[in-house]
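Undergrad: Below is the sequence, then the predicted model.
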Amino acid sequence: MLREHLSFDSFVSWLQELGDRPCGRYEDPTGNTICQFLREATPLRGATLYPGDAFARSLASTYLVGVYIPDEDRVEVEPVNKLPQWVEVVLQLEEELHDEAAEVGASQVPASALLSRLSRVVSRLSQP
Amino acid sequence: MTGGPPPSSPLWLHLRPRGGWRDGPGSAWAIVQAIGSRTVDDPYGSPVQTIDLLLAVADPQGAALLRKALQPHIYGEDDLPPVAMTLRRGRDGSRQRADLSRHLRKHPLVIRRRDGSDHMALLLVPACADPSCRDFCDQVMVVGRDEQELLHNAWRRLMARSFLPLHPSWEGPIMAHLQEVSRSWSSPGTPPLEFLECEGPLQAAYLSTYAAVGEVEKLCKERKLPVPTE
């Protein structure tokens, strides 16, 4: 169900609608761009990005996306690396853009900036 | 002086290459926190202290010897470890042979951190703390600097290992329940969390995924977990 709602085209349309309004906040469990998209543009609820296991061999966290599916009254949780590749790319770009914004003293990133950066790497994405 | 546990002298680990002098050249000391240690009788010698998890601060020579002591466990050799280790409380206390093989198994995870001096901190945790072993081992060790951090780390582990999807917002109710049932566990089998006696900067516990998920299933059936709303 989570995968069904993670459509790249829907995500891009949602970003376009946001225009110059801020996109998600990097490292915010519920306010990051992917979870914001899932909450605002799909019927899923409770979208949360969570570092599920920081004790991986590389000591890098394995991030999980958890959602609640109201129609089925159940929770679904998937590791980010098992979701379509563009999800991980968006999270990486979000991190990059927030780092760049912080360097110039800004705290928010306009959705249009994320869209622009995304369009530059979109050809590399393996779309579902 | 009021309150708090009585101060105890630190635990020291003495390391020497096997066959070397007892306190001679080539030997080294490390100050350690040994968690899950227990005395095991050895029919062929004096009792030995087995250790589940070790946090050690050592100079370069001590750190090198400690790494060497792990080699038979890392490479799965049955040979006698090339380093002899003894534990003692205070450098004047009685010595007891130490053994790291009980739970470190064949591939312990070693995390090294340098401090400001030439000394190094080494955290040796059991193999089943490594995700590559998670499919084969139900119990994993979790650590934290205090009980709150320990429970948070246990929750992260549980989320990553559970076959039942766990929503991140359930951390509070689930961990409070697991803590409560584990403290009062009287059934056969292992509790979801087996808290180890710890004296030092780290707290540790074994998380049994199967038992923990069983408890979560009970909470789900009783509808005691909130519906994620945000």
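TA: All right, it came through fine.

Undergrad: ok, and the closest non-adjacent residue to the residue of chain A found nearest chain B?
TA: In chain A, the residue found nearest to chain B is A:Gly46; the distance is 2.6 Å by Cβ to the nearest Cβ. All C-beta spots, glycine's among them, are computed from the backbone N, C-alpha and C. Distances taken as Cβ to Cβ, 6 or more residues apart in numbering or on different chains put B:Pro228 closest to A:Gly46, at 2.6 Å, once the chain neighbours are dropped.

Undergrad: Show me what the helix or strand of chain A with the lowest mean pLDDT is in contact with.
TA: The weakest-scoring helix or strand in chain A, judged by mean pLDDT, DSSP states H and E, is strand A:45-53 (a mean of 88). Contacts to strand A:45-53, defined as Cβ atoms under 8 Å, 6 or more residues apart in numbering or on different chains, come from residues A:29-30, A:32, A:34-36, A:38-39, A:61-68, A:70, A:75, A:79-80, A:91, B:131, B:156-157, B:159-161, B:167-169, B:227-230.

Undergrad: The closest residue to chain A within chain B and A:Asp73, how far apart?
TA: Across chain B, no residue is closer to chain A than B:Pro228, which sits at 2.6 Å (Cβ to the nearest Cβ). Remark: distance between B:Pro228 and A:Asp73 (Cβ to Cβ, to the nearest Å) = 11 Å.

Undergrad: do the same with B:Ala204
TA: 37 Å.

Undergrad: Looking at those two, which is more packed in?
TA: A side-by-side neighbour count of B:Ala204 and A:Asp73, using other Cβ atoms under 10 Å in any protein chain shown, places B:Ala204 first with 24 against 8.

Undergrad: can you tell me which residues contact the more buried one?
TA: B:Ile35, B:Gly36, B:Asp52, B:Leu53, B:Met141, B:Val142, B:Val143, B:Gly144, B:Leu150, B:Leu196, B:Cys198.

Undergrad: Check whether the biggest helix by length in chain A comes near chain B.
TA: With secondary structure taken from DSSP state H, chain A has its longest helix at helix A:85-103. No: contact of helix A:85-103 with chain B (Cβ under 8 Å from any Cβ of the partner chain) is absent, the minimum separation being 15.8 Å.

Undergrad: Please enumerate residues in contact with that helix?
TA: Judged by Cβ under 8 Å, 6+ apart, the contacts made with helix A:85-103 from elsewhere in the structure are A:6, A:8, A:11, A:23-27, A:32-34, A:49, A:63, A:65, A:80-81, A:107-109, A:113-114, A:117-118, A:121-122, A:124-127.

Undergrad: Who is A:Leu49 paired with across the strands?
TA: A:Val65 (DSSP bridges).

Undergrad: That one: neighbouring residues, count only.
TA: With other Cβ under 10 Å as criterion, A:Leu49 counts 24.

Undergrad: now do B:Glu199
TA: The burial count assigned to B:Glu199 is 12, neighbours taken as other Cβ under 10 Å.

Undergrad: Which residue is the nearest non-sequential neighbour of the residue nearest the centre of chain B?
TA: Centrality entry for chain B: nearest residue to the mean C-alpha point is B:Leu53, 3.1 Å, by Cα atoms, centre = their mean. Counting by Cβ to Cβ, 6+ apart, the nearest residue to B:Leu53 once its immediate chain neighbours are dropped is B:Ile35, at 4.2 Å.
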